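Q: sharing a model that was predicted from the sequence below.
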Amino acid sequence: MSSFESLYRETEINVREAIRRFSELKSKYESARRENEKLRAEVAELRGQLDETEEKLKLVELTSTIIDREDKTRLKRQINDWVREIDSSIKLLSEE
């Protein structure tokens with residue numbers, strides 16, 4: 001009977017350890033799931049900003065044909081700023 005009791009105790013210890021590990025993993029899973037949701041929301045927001053910036057760029061490109069030379073220089077700087085902003089947004093999206 002002694003070997004049965006020791007086998008029972010060992011099994012009980014193993015079951016308790018499995019339950020403890022399961023609880024840990026469940027907690028980590030929930031944390032990762034929440035982080036994933038947060039990151040997906042951020043990506044959606046960044047995509048919206050990127051779309052908005054691309055629309056602004058299209059408007060600038062359309063109006064650039066009727067702007068004089070001095071304004072074109074200023075506009076080119078603005079476009080470069082927007083392109084940098086788009087590149088930054090793309091970089092953030094690619095880190096997903």
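A: Received, thanks.
Q: against which helices or strands is whichever strand or helix holds residue 86 packed?
A: Counting by DSSP states H and E, the element that carries residue 86 is helix 69-94. Under the contact definition 3 or more CB pairs under 8 Å, 6 or more residues apart in numbering; DSSP states H and E, helix 69-94 sits against helix 2-63. Every C-beta, even on glycine, is put in place using the N, C-alpha and C of the backbone.
Q: return the helix or strand in the protein with minimum mean pLDDT.
A: helix 69-94 (a mean of 83; mean pLDDT, DSSP states H and E).
Q: list the buried residues in it.
A: 79, 86, 89 (16 or more other CB atoms under 10 Å).
Q: of all residues in the chain, which one is nearest the centre?
A: Nearest to the geometric centre of the chain sits residue 39, at 3.5 Å (CA atoms, centre = their mean).
Q: distance of residue 8 from residue 14?
A: In this view, residue 8 and residue 14 are 11 Å apart by CB to CB, to the nearest Å.
Q: how about residue 20?
A: Distance, residue 20 to residue 14, by CB to CB: 11 Å.
Q: same thing with residue 51?
A: In terms of CB to CB, residue 51 sits 54 Å off from residue 14.
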